[in-house]
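>>> dropping a prediction and its sequence here:
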Amino acid sequence: MLDFHSHILPEIDDGAQSVEESISMLKMLKEQGVSTVALTSHYIAMDESPDEFLENRKAAFDKLSVEIEKSGEDFPELLLGAEVYYYPGISKMEELSSLTLEGTNLLLLEMPMAPWGEYALREIDELIYTSSITVVFAHIERYFKYLKKGTIERLLDMGALIQVNASFFFSRHTKKKALKMFKEGKIHFIGSDCHNTQHRPPRINEAIDALKEKFSSESIDEFFENQKNYMNS
Ligand SMILES: [Fe+2]
């Protein structure tokens, strides 16, 4: 099982504030049955260049790797990535493809918490059409109140993919909608979006429990199996 969205790398964003916390989060994910974790630290172009980010990310990853090695334990496979914050003109950023998830063309894109303008939608459409990058919209459920009717379908028509947070499935108010979207094939990735062990811990297992109430193990397995195709294409 893959966790597509996490803030586990230590001391790089508002996620893990120490390498010990990173290790604790990884242990929690392992116990929840997660075998692969995408490390998607925040990237905000206004704050740093892609090169600076990649350098900081490498330092954080090296620190974590030393600790993993020292522990002598098995941990989930780790993939380096980023949660890239959208800004108008992002498609012109030359280094954008260096921010895709390791071994894939998938770019986890975080949109502003505001109505998405036509400019943004057209820019992302063009980015997908003219580059090898596949955009994955991060935690789409956060934006429902900003999106016009039919926007999700429009994103899917563009060839974009959709990630939701685990909480979308287990929150009482959103569970029904999450299960409906899952059934309709409008969700491609689930992420814990974990930031720490206390207030925003990994709870991917609770999303799976919610899915199991409605879907067979075979269809849940198939969902995770399908992810390999998105990651390889
Ligand atoms: Fe995030």
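Received, thanks.
>>> the ion contacts on this protein?
When proximity is defined as CB under 5 Å from the ion, the chain approaches the ion at Glu83, Asp193. All C-beta atoms are positioned from the backbone trio N, CA, C, and that covers glycine.
>>> which residues in the chain form strands?
2-3, 36-43, 77-85, 106-110, 134-137, 161-165, 189-191 (DSSP state E).
>>> dump the ones you listed to a markdown table, plus mean neighbour count and mean pLDDT.
Converted to a markdown table, the strands of the chain look like this (neighbours: other CB atoms under 10 Å; pLDDT from 0 to 100):
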| stretch | mean neighbour count | mean pLDDT |
| --- | --- | --- |
| strand 2-3 | 24 | 98 |
| strand 36-43 | 24 | 98 |
| strand 77-85 | 21 | 98 |
| strand 106-110 | 24 | 98 |
| strand 134-137 | 24 | 98 |
| strand 161-165 | 24 | 98 |
| strand 189-191 | 26 | 98 |
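>>> what would those strands look like in CSV with distance to Lys175?
Shown next, in CSV, are these (distance: least, CB to CB, whole Å):
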stretch, distance to Lys175
strand 2-3, 19
strand 36-43, 24
strand 77-85, 24
strand 106-110, 23
strand 134-137, 20
strand 161-165, 12
strand 189-191, 13
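>>> so Leu127 sits against Met93, correct?
No - the pair Leu127 and Met93 does not pass the contact test of CB atoms under 8 Å, sitting 9.9 Å apart.
>>> looking at these two, which one has more neighbours?
Neighbours were tallied for Leu127 and for Met93 using other CB atoms under 10 Å; the higher tally belongs to Leu127 (21 against 16).
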